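Peer 1: Give the three-dimensional model of this entry:
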Amino acid sequence: MIQPLASDHSQKIHAFFYKMAVPLLCLAVVVFLPSCKHEKKVYQSDCNSDISYKHVSFRNLIDSIQNYDHQYIEVEGKYEEGDAESALVNDSTFVDHSSEHALWVNFSQDCPLYLAGTRKGLFEYNDGKFTVISNKTIIIRGKIDVRHKGHLGSYRGEIDRVSYIQL
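Peer 2: This is a model prediction of the structure:
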């Protein structure tokens with residue numbers, strides 16, 4: 001009887017692993033992919049709960065802000081905070097990234113924002129930390145005011161009466 005060569009045996013092992021690789025890869029995707037998904041956090045207030053918000057793109061809002069004065073809008077943008085800064089900043093479609101292409105965000109104690117289904121406030125110390133929203137893309141709802149332009153009057157306008165933030 002002829003003994004199989006060692007290379008034949010290793011080829012059979014490789015073939016077996018290749019046949020098993022696809023099902024194992026699919027299983028790994030099914031098991032681990034849900035844990036990679038970022039769950040959206042929604043903070044909202046009871047303020048303006050009866051208002052219909054007009055969804056508008058950030059660029060359109062900045063370009064035509066006069067058309068949205070005193071209107072309730074929903075817009076997506078990058079939020080930045082810091083010393084004398086609370087702003088929804090421009091997206092990459094603008095060449096000019098100055099505050100002239102940004103909106104001041106005026107959070108009010110009159111409209112406290114809570115994590116949906118809880119009483120955990122957006123600006124409260126919870127679970128040993130504060131909620132970090134700076135440098136994150138958010139969806140925000142509020143009322144546009146073109147007369148108020150934030151710190152040093154340098155912003156395009158203001159989003160006031162903020163009643164919704166989605167992180």
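
Peer 1: For the rest of this, base every contact and every neighbour count on C-alpha atoms.
Peer 2: Fine.

Peer 1: show me what contacts the closest residue to residue 108 other than its chain neighbours?
Peer 2: Distances taken as C-alpha to C-alpha, 6 or more residues apart in numbering place residue 161 nearest to residue 108, at 6.5 Å, with adjacent residues excluded. Applying C-alpha atoms under 8 Å, 6 or more residues apart in numbering to residue 161 gives the contacts 47, 106, 107, 108, 111, 142, 143.

Peer 1: need those in CSV with pLDDT, secondary structure and distance to residue 82, can you?
Peer 2: Formatted as CSV, those follow (pLDDT from 0 to 100; DSSP: H, G, I helix; E, B strand; the rest coil; distance: C-alpha to C-alpha, whole Å):
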residue, pLDDT, secondary structure, distance to residue 82
47, 90, coil, 26
106, 95, coil, 13
107, 94, coil, 14
108, 90, coil, 17
111, 92, coil, 21
142, 97, strand, 21
143, 97, strand, 22
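
Peer 1: low-confidence ranges in this protein?
Peer 2: 1-38, 91-98 (pLDDT under 70).

Peer 1: In the host helix or strand of residue 86, which residues are buried?
Peer 2: Here residue 86 sits within strand 85-89, counting by DSSP states H and E. For strand 85-89, burial by neighbour count (16 or more other C-alpha atoms under 10 Å) applies to 86, 87, 88, 89.
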